[in-house]
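**Student:** Need a 3D model of the following:
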Amino acid sequence: MDYFARSIAAVMRDAGVEQAVLAGHSMGTPVARQFYRLYRNKTLGLVIVDGPLRAYGSRAEAEEFNALLRENYRETAAQFIE
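**Tutor:** Now for the predicted structure:
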């Protein structure tokens, strides 16, 4: 999320934008949240659409899920979507 947040800051800098309202949809929600954490003075507001403000599970659960995706993405992703 840090990488994505810094990327937003870079785009804003290149465009000459000092402050912005960020809209985050789905995975964009934690990206917008992290941008706010890192760049409060650049954030005028956040619009959250269908995304989590907090993680759904523990770090260990997320790491376990990510390990399954790395091992067999097609099968794990299909089961997750099912």
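**Student:** From the contact counts, what lies against the helix or strand containing residue 24?
**Tutor:** Counting by DSSP states H and E, the element that carries residue 24 is strand 20-25. Applying 3 or more CB pairs under 8 Å, 6 or more residues apart in numbering; DSSP states H and E, one finds that strand 20-25 makes contact with helix 28-38, strand 43-49. The way it works is simple: take the backbone N, C-alpha and C, and place the C-beta from them, glycine included.
**Student:** just checking, which of these sits deepest inside the structure?
**Tutor:** With neighbours defined by mean count of other CB atoms under 10 Å, none of the helices and strands packed on strand 20-25 is more surrounded on average than helix 28-38, at a mean of 19.
**Student:** and the residue lying closest to residue 29 once chain neighbours are set aside, how many residues sit next to it?
**Tutor:** Nearest non-adjacent residue to residue 29, counting by CB to CB, 6 or more residues apart in numbering: residue 51, 2.5 Å away. As a burial measure, residue 51 scores 15 neighbours (other CB atoms under 10 Å).
**Student:** Can you give me the distance of residue 56 to residue 18?
**Tutor:** Note on residue 56: its distance to residue 18, by CB to CB, to the nearest Å, is 34 Å.
**Student:** meant to ask about residue 43, not that
**Tutor:** Going from residue 43 to residue 18 by CB to CB gives 11 Å.
**Student:** cool, and residue 35?
**Tutor:** 14 Å.
**Student:** Next: residue 8.
**Tutor:** Applying CB to CB, the value for residue 8 to residue 18 is 13 Å.
**Student:** These two - which one has more neighbours?
**Tutor:** Set side by side, residue 8 and residue 18 show more neighbours around residue 8, with 21 against 9, by other CB under 10 Å.
**Student:** show me what contacts the more buried one?
**Tutor:** The neighbourhood of residue 8, defined by CB atoms under 8 Å, 6 or more residues apart in numbering, consists of 22, 31, 35.
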